[in-house]
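1. give me the fold of what follows.
(one chain, ligands or ions: 1)
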Amino acid sequence: MDSGLSITAEKLIEITARLASKINVKDEEIERLVGLSSKNIAKNASQKVAFWLVEQKESLLYCKLCGKGPFTKKGLYLHLTRLHKEEIKGMLMEELKNEIKALI
Ligand SMILES: [Zn+2]
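-> Coordinates of the predicted model:
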């Protein structure tokens, strides 16, 4: 169970970084990564975590985890995936657990 969660979180790091960077993510991509049955859980968790990763001031994007910026969309995406991968994964695991708990 926990290792499954870890694998799912790992798969969602990139999607979450893209959501945070305001780069378009299609539902089908999430479905392809985690399967139809986990799609909604994965989507909710990614959106919640993405909200905690970015601070938007006017049209500028800043990293909420370390305060660096401003970044372009692509710049923030690269920053998040290079520097905060493990933190994002940990946050995703927590949110996935919450989403699963809410279903039971
Ligand atoms: Zn940062």
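2. CA only for contacts and neighbour counts going forward, please
-> Noted.
3. from Leu103, how far off is whichever residue of the chain sits closest to the ion?
-> Nearest residue of the chain to the ion: Cys66, at 4.1 Å (CA to the ion). As judged by CA to CA, to the nearest Å, Cys66 and Leu103 stand 33 Å apart.
4. name the residue in these two with the higher neighbour count.
-> Cys66 (11 against 7; other CA atoms under 10 Å).
5. pLDDT score assigned to the more buried one?
-> Note on Cys66: pLDDT of 98.
6. pLDDT weak spots in the chain?
-> The chain contains residues with pLDDT under 70 at 1-2.
7. got the buried residues for the helix or strand containing Asn98?
-> Using DSSP states H and E, Asn98 falls within helix 85-103. Across helix 85-103, burial judged by 16 or more other CA atoms under 10 Å covers Ile88, Lys89, Gly90, Met91, Leu92, Met93, Glu95, Leu96, Glu99.
8. neighbours around the residue nearest to the first one when sequence neighbours are not counted, how many?
-> Leaving aside its chain neighbours, Ile88 sits nearest to Ile13 (6.4 Å; criterion: CA to CA, 6 or more residues apart in numbering). Using other CA under 10 Å, Ile13 has 25 neighbouring residues.
9. near the ion, which residues of this protein are found?
-> Cys63, Leu65, Cys66 (CA under 5 Å from the ion).
10. wait, the first one sits on Thr72?
-> No - in this structure, Cys63 is not within contact of Thr72 by CA atoms under 8 Å, at 11.0 Å.
11. of these two, who's got more company?
-> Cys63 (22 against 15).
12. which strand residues bridge that one?
-> Val54 (DSSP bridges).
13. quick one: residues contacting it.
-> Leu53, Val54, Glu55, Gly69, Pro70, Leu76, Leu80 (CA atoms under 8 Å, 6 or more residues apart in numbering).
14. okay, and the fourth one sits in which element?
-> So that's Gly69. Short version, using DSSP H and E: Gly69 is in no helix or strand.
15. need phi/psi at it.
-> Torsion angles at Gly69 (phi, psi; degrees, to the nearest 10) stand at phi 150, psi -170.
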